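Participant: quick one: sequence plus predicted model below, questions after.
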Amino acid sequence: VIVALLTDFGTRDHYVGTMKGVVLSVCPDATLVDITHDIPPQDILAAALELEAAYQYFPPGTVFLVVVDPGVGSSRRAIAADAGGYRFVGPDNGVLSLALRGSASSEPARVVELKERKFSRPTISKTFEGRDRFAPAAGWLARGTELAAFGPTVSDPIVLDVPVAKLTPEGIEGQVLRVDRFGNLITNIHRDMVGERGHEIVVAIAGETVRVVATYADVEPRALCALVGSTGYIEVAVNGGNAADVLKVGRGESVTVGADHGRPLPSL
Amino acid sequence: VIVALLTDFGTRDHYVGTMKGVVLSVCPDATLVDITHDIPPQDILAAALELEAAYQYFPPGTVFLVVVDPGVGSSRRAIAADAGGYRFVGPDNGVLSLALRGSASSEPARVVELKERKFSRPTISKTFEGRDRFAPAAGWLARGTELAAFGPTVSDPIVLDVPVAKLTPEGIEGQVLRVDRFGNLITNIHRDMVGERGHEIVVAIAGETVRVVATYADVEPRALCALVGSTGYIEVAVNGGNAADVLKVGRGESVTVGADHGRPLPSL
Amino acid sequence: VIVALLTDFGTRDHYVGTMKGVVLSVCPDATLVDITHDIPPQDILAAALELEAAYQYFPPGTVFLVVVDPGVGSSRRAIAADAGGYRFVGPDNGVLSLALRGSASSEPARVVELKERKFSRPTISKTFEGRDRFAPAAGWLARGTELAAFGPTVSDPIVLDVPVAKLTPEGIEGQVLRVDRFGNLITNIHRDMVGERGHEIVVAIAGETVRVVATYADVEPRALCALVGSTGYIEVAVNGGNAADVLKVGRGESVTVGADHGRPLPSL
């Protein structure tokens, strides 16, 4: 069984290694995979978005161990969930909510609180529940323990409030949600909102009007472009360069998708 | 069998991957886990502390492959050890000494020098013994080779000199030993030195007097606090922030634990 | 079977984790190893050199999944190869060419184009072929699919043009090809070009004349030295320090190996 980890612990301290030691102590034949540990410290939204983008490419049954937890040691709940054939463990602060929503197409997610102490380590640190509560729970899930054994059902898990793109007279107004390693600016405007009109539209960002193309190589080296990225959202990029650096913008920047001649898109 | 790696090789070069290839060439079914590779170059103390914090959370039998080795290629010894049910491989420069000390509660560590050439690669680079000497030794240990087969017993492995907290008329005087990714300042003052008086004491650092609490959330966002961290040592933190940045201090900074009204702690 | 990954995706986004999910979806018992993901964005030469340095330390049969792909989404070919007992998957932009050349001592590399759609994901993103084309191909290779099943033979894979050291009246003239995490400057001048005369030669770089020694510890702390590095090439280093910082040079810097008294090396 795969246990895939996503945290904001970074990789320079022992924290992630320690959690892996705990998972393997419970479930020695788990296959461990890192999604990322470089989420900005305590950035729940960033973690939720990375998880949402990645989880569905793992085999069914994968356990996602997600620890971005500004409330560590407080009374916020710790939860485990089962949704769309995947399992999730983490704090109840919304970090799992986008994945739980996404995989709930068939049947709603089941969520429980991690209450049963025999699936934790004997002592639970107030500063490192990743090691003492979440990692052992992930190990026990990977080992086959039923979700219901961990504790009572949670009917109202925290749901993250994610900025949503809106249809306006000017077109579709959205914003940059993620900036990746290459400086690509990934927006919250999904391909499905734009429809089939790809090449008839333009993207406005930071005072620039950017052409929509099929792939980076469709524009000159170092030129700006916009395209449908790998998760289905419109992104702004520079062919062979870094759009975030070129435009000097980041998460939260406004983005508008409009018709090619400045008129509102009629049917949007 | 788990082989857990801890080095200062970073992750941008091929070095760690190459070592893993060598381990798997010797022991194809080893489970590889990274503790960290981002130890500051040649910082033996930092590596020894990370190892000490992590190793006991791994299953017994785990082999720790630790390469922080300023003396690579010189005549410093290469060693393997068995202590508390764990196995260790690395240079004899003290990097293993805190873990060996820690796990020796039951019986003293056994240490041997890596002399037997058949457990090395045929040629040993003077600049990359991690690949040619330590990785194969870890692979052979994981595969079940007895410690004694690697070479003669070492009775005097190098022991690292770690700054120790002292009891003085002003309280307990210690220092910051580790600064983690979140900017938490982890001291060498253990909970056991302070006893049960948690909330009656204060921590003095960099001209600030800091309250001791149970968890980060017990103080206002962005406020300083001190607490017992996940390895049992007093640490100074900022709730939702970075104490190292706020206080502008790092490793070596003095820290004093005193009574809440400025008097020495009577029974310490 | 081992699948070893080398990309320029970094580790802060979900990209590498997503690719691993895809590999494991195809081949659940693959052992995943990271070589590095911190290749500078789109730096094909850097990736080719890291792969060349690492691959031969892995067990035969290892599948190398290499994605540094400035032409993603364009019509550049995607290839898989078999050479010297190893398997390789990546874009046909030269990134595999140094490894394919290196392992071809026994018999020439076999290269095919990834054309057969049943070994890709159903939809192939124009911005993330690593996920949709290369990762599944690596999974299928690891699972035992024959190379020929992936598509037609490629007789003219792109070969990278790597700067080669030259013999001149002044000695051997080469350049720095890699700068590693420690600031070591690794040149393209191989030990075999220099012959057995190690201690009779000097290395000139950035106005400095540097002694050739056997290992870092042969010079004073903080002193410059030159030596034969772990892959057989002359490198310039600082004992306990960072040569790139000290000399303020990087990739492409000229390096000359000459006789110790300024005369050309007679027999070179």
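Facilitator: Right, received. Where do you want to start?
Participant: point out where chain A drops to low pLDDT.
Facilitator: Applying pLDDT under 70 to chain A flags residues A:103-106, A:196-199, A:261-268.
Participant: which parts of it are helices?
Facilitator: A:15-26, A:44-54, A:97-102, A:129, A:135-143, A:191-194, A:243-247 (DSSP state H).
Participant: please name whichever of those helices is nearest to residue C:173.
Facilitator: For residue C:173, the closest of those is helix A:243-247, at 35.6 Å, according to Cβ to Cβ. Any C-beta I mention is one placed from the backbone N, CA and C, and that applies to glycine too.
Participant: contacts for that closest one?
Facilitator: Under the criterion Cβ atoms under 8 Å, 6 or more residues apart in numbering or on different chains, residues A:179, A:183-185, A:205-206, A:208, A:224, A:236-238, A:250, A:253 lie in contact with helix A:243-247.
Participant: distance of the one residue in chain A that gets nearest to chain C from chain B?
Facilitator: Nearest residue of chain A to chain C: residue A:215, at 3.0 Å (Cβ to the nearest Cβ). Counting by Cβ to the nearest Cβ, to the nearest Å, the gap from residue A:215 to chain B is 28 Å.
Participant: tell me who's in contact with the closest residue to that residue other than its chain neighbours.
Facilitator: Closest residue to residue A:215 apart from its sequence neighbours, by Cβ to Cβ, 6 or more residues apart in numbering or on different chains: residue C:73 at 3.0 Å. Taking Cβ under 8 Å, 6+ apart as the criterion, residue C:73 is in contact with A:214, A:215, A:216, A:217, C:125, C:126, C:127, C:129.
Participant: nearest to residue B:143 among those residues?
Facilitator: Nearest to residue B:143 among the contacts of residue C:73: residue C:129, at 38.0 Å, using Cβ to Cβ.
Participant: please name the residues that touch that closest one.
Facilitator: C:67, C:69, C:72, C:73, C:78, C:91.
Participant: can you rerun that using 6 Å?
Facilitator: residue C:72 (Cβ atoms under 6 Å, 6 or more residues apart in numbering or on different chains).
Participant: so how far is residue C:30 from it?
Facilitator: Note on residue C:129: its distance to residue C:30, by Cβ to Cβ, to the nearest Å, is 19 Å.
Participant: give me the number of residues near the closest residue to residue A:166 other than its chain neighbours?
Facilitator: Of all residues not flanking residue A:166 in the chain, residue A:173 sits nearest, at 5.2 Å (Cβ to Cβ, 6+ apart). Using other Cβ atoms under 10 Å in any protein chain shown, residue A:173 has 17 other residues around it.
Participant: just to revisit the earlier point, quick one: which of the contacts of helix A:243-247 sit in strands?
Facilitator: Applying DSSP state E to these, the entries found in strands are A:179, A:185, A:205, A:208, A:224, A:236, A:237, A:238.
Participant: give me the buried subset of the residues you listed.
Facilitator: The neighbour count (16 or more other Cβ atoms under 10 Å in any protein chain shown) marks A:179, A:185, A:205, A:224, A:236, A:237, A:238 as buried among these.
Participant: list the beta-bridge partners for the first one.
Facilitator: Beta bridges link residue A:179 to residue A:185 when assigned by DSSP bridges.
Participant: quick revisit: the residue of chain A closest to chain C touches residue C:126, doesn't it?
Facilitator: Yes. Taking Cβ atoms under 6 Å as the definition, residue A:215 is a contact partner of residue C:126 at 3.9 Å.
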